[in-house]
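[1] Just the structure for this:
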Amino acid sequence: MSARVPPPTTIPLQGAFLLIVSPEGRAPFPSLTSFTVDGSMVEAPPGLTLKSGIGSWKPNPFGEGYLIRFMRFIADPVTNFRGSADISGTMILAADGNSVKGEFRSVISDANGKPISKISGTVRGERFFPPDALQ
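    As a prediction, this is how the structure comes out:
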């Protein structure tokens, strides 16, 4: 398969990425994340208790890469609201435009908005492309 690079007329981070999120002291998990041209983002983790996150991204004015921030709601297995996670971090796009790596910090709050824990970790992943053709 040939390497694909985003068209030069688009914002480089724009697109979908299949990420591996590695919180410190916890098991890594996959996440499908989409960055839109207007600076919005949507993040979809697996499972019933972590809900999709919605947020924004922008070029990092203080260094390389991009700054991101999104919020995700947390529920119990029957989907009752239990709190939220406010997640911020950095993403660095590789020179080929097809892979990313970064770091994040998350503040977990209970259902009343009171912060109860903090989690940090790393993220890495690859651009998620449509197939060249249907099989």
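[2] got the buried residues for whichever strand or helix holds residue 21?
    Assigned by DSSP states H and E, residue 21 belongs to strand 15-23. Using 16 or more other C-beta atoms under 10 Å as the test for burial, strand 15-23 gives 15, 16, 17, 19, 21. Placement of C-beta: from N, CA and C, glycine included.
[3] Also stretch 76-84?
    83, 84.
[4] quick one: average pLDDT of the strand holding residue 21?
    Taken as a whole, strand 15-23 has a mean pLDDT of 95.
[5] Which strands or helices does that strand pack on?
    strand 29-35, strand 99-110, strand 115-127 (3 or more C-beta pairs under 8 Å, 6 or more residues apart in numbering; DSSP states H and E).
[6] can you rerun that using 6 Å?
    The helices and strands touching strand 15-23, judged by 3 or more C-beta pairs under 6 Å, 6 or more residues apart in numbering; DSSP states H and E, are strand 29-35, strand 115-127.
[7] which one of these is the most hemmed in?
    Stretch with highest mean neighbour count among the helices and strands packed on strand 15-23: strand 29-35 (a mean of 18; mean count of other C-beta atoms under 10 Å).
[8] Could you give the separation of the strand holding residue 21 from the chain centroid?
    Offset of strand 15-23 from its chain centre (C-alpha atoms, centre = their mean, to the nearest Å): 6 Å.
[9] what angle do it and strand 99-110 make?
    60 degrees (axes from the mean of the first three to the mean of the last three C-alpha atoms, to 10 degrees).
[10] Would you check that residue 126 makes contact with residue 97?
    No: using C-beta atoms under 6 Å, residue 126 is not in contact with residue 97; the gap is 10.8 Å.
[11] Compute the first-to-last residue distance for stretch 82-102.
    Distance across stretch 82-102, first residue to last, is 27 Å (C-alpha to C-alpha, to the nearest Å).
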